[in-house]
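Visitor: Have a look at this prediction, sequence included:
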Amino acid sequence: LLILLCMPMIGFGQGWEKYFVSAYSSALSVKQTSDGGFIFAGGYGGNGWDENAYVVKTNNLGLEQWSNTFVGDGFSTASSVIQTSDGGFLLCGTTSDTSYNSKAFVVKMNSSGVEQWSNTFVINNQETYSQAIIEEQNGGYMILGNWISSSNDQISYLLKIDSIGNKIWDKSYGVSSDWYSRNLLQTDQGDFLFVGGIDTLVGRYAVLTKVNSIGNKVWKKIFSINFPFASGSGVLFTDNNEIVVSGTALDINNSSPISSNIYQTYIFKTDSSGNEIWNNTFSYQNEVSNAEAIILTSDGGYASIGCTIDTLNEIYYSSLIKWNSNGGIVWTQKFPGMLHSYGTSLQQTNDSGIVFCGFTSITDDVDDEQYAYLVKTDGNGNITSTFNIPTPNSNRKLEKVVDMLGKKNKPQTNQPLFYIYDDGTVEKKIILE
């Protein structure tokens, strides 16, 4: 018995989900590439000191085209990846040796993922971590990260490097407090904006900082006066130069029977000078949630990705939320992946859908196997879409057969497989015995 479904690989915001590598991998940053495909970066290995920075390039259907790993000093992971103006790619992250000495780690690749150069950086002779990297408008790159002070505080820094990875300058911020940063943007005027959190004697607050083109502070704003424990992780510019930040905040009105420490997804908007315009929060009932990243969508609203934890059933979901321009909820979607999943980064795609990445596992134990997770949705956050099913072209040729994970396979019985043809169509077949 043959069960067959044929569908074209075109459509408005068509969706799919993919898992990568056999085990111990994660995806922390994703971008759509100039050819319509995707690139993500994270970590691979995870067993002792075998973890490497990991980058994967896929086509527009999420099928792997190439991947590469980078060792660094022994234990490395990538936190951010971008496509550069020359068509190559650049990642930043952190690398550590067996003595736990951590350094910021940058790798430049060509369009095929082959390393062109790499470098490591240490700020003030302290443990140094990098969180984000961008290509500057006038050339070179800017890195955002944190270094650890002798009093064990996290200190934010910016590090400017040239086009071949040489350091030009670095600046630190908040050297007298625990002030860490997560995400970085450059304004049209050449200034930089970054977001994170700051710990004080009375609580943790989201902090938004603007500096000029040479790293001198223009202003710093602290938020969440109504939420004594909050932090920011994602940041964007609107079309009229307003700023939107996503993160997490403690729900002080929580009445959960499970826990008194229920955190919720938190977003706020400011004007171009960092003065708050509005804020909003969201969480599912009895669930802990956050927003790791936020983007501007083509309708003038926003989309965020993060994680929500069902505290009753102890299940982790990637949480995708669509917001309108005033911070109201349009729709929400949860993705369990294999069983548990955590969303980390997202981008709107050329077809007005959304792609996000993260990691997924069959248990909530971080020491167990986890897999890099890549999901493409339509504009409403759905993986499945409605299509007009055409009559297959009788002259088409079979290119490959892949399983549910996107891996090449041979036809087998009692297993769903995808038959991909050269005319862009795909057949899902299950041959039952």
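Guide: That came through fine.

Visitor: use CA for all of it now, contacts and neighbours both
Guide: Will do.

Visitor: who's in contact with Ile294?
Guide: 234-236, 245-246, 302-305, 346 (CA atoms under 8 Å, 6 or more residues apart in numbering).

Visitor: Mark which of those residues are buried, thanks.
Guide: Using 16 or more other CA atoms under 10 Å as the burial test, the contacts of Ile294 include 234-236, 245-246, 302-305, 346 as buried.

Visitor: Show me which of the contacts of Ile294 is closest to Gln137.
Guide: Ranked by distance to Gln137 (CA to CA), the contacts of Ile294 are led by Leu236 at 16.8 Å.

Visitor: Surely Ala53 and Phe40 touch.
Guide: No. In this structure, Ala53 is not within contact of Phe40 by CA atoms under 8 Å, at 10.9 Å.

Visitor: sorry, back to before: in strands, which of the buried ones among the contacts of Ile294 fall?
Guide: 234-236, 245-246, 302-305, 346 (DSSP state E).

Visitor: Save those residues as JSON lines, and put in distance to Met338 too.
Guide: Shown next, in JSON lines, are these (distance: CA to CA, whole Å):
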{"residue": "Gly234", "distance to Met338": "26"}
{"residue": "Val235", "distance to Met338": "29"}
{"residue": "Leu236", "distance to Met338": "30"}
{"residue": "Val245", "distance to Met338": "30"}
{"residue": "Ser246", "distance to Met338": "26"}
{"residue": "Tyr302", "distance to Met338": "27"}
{"residue": "Ala303", "distance to Met338": "23"}
{"residue": "Ser304", "distance to Met338": "21"}
{"residue": "Ile305", "distance to Met338": "18"}
{"residue": "Leu346", "distance to Met338": "19"}
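
Visitor: Report the contact partners of Ser283.
Guide: By CA under 8 Å, 6+ apart, Ser283 lies in contact with 263-265, 289, 308.

Visitor: That one and Ile164, how far apart?
Guide: Ser283 sits 44 Å away from Ile164 when distances are taken as CA to CA, to the nearest Å.

Visitor: cool, and Thr344?
Guide: Between Thr344 and Ile164 the computed distance is 28 Å (CA to CA).

Visitor: Neighbour count for the two, which is higher?
Guide: More crowded of Thr344 and Ile164, by other CA atoms under 10 Å: Thr344, with 26 against 14.

Visitor: And for the helix or strand hosting the more buried one, what's in contact with it?
Guide: Counting by DSSP states H and E, the element that carries Thr344 is strand 340-348. Under the criterion CA under 8 Å, 6+ apart, residues 27-32, 292-297, 304-307, 315-319, 335, 354-364 lie in contact with strand 340-348.

Visitor: So for that strand, mean pLDDT?
Guide: Mean per-residue pLDDT for strand 340-348: 96.

Visitor: ok, it: who's next to it in the sheet?
Guide: Counting by DSSP bridges, the strands paired with strand 340-348 are strand 354-361 (antiparallel).

Visitor: Quick check: mean pLDDT of the partner strand?
Guide: 95.
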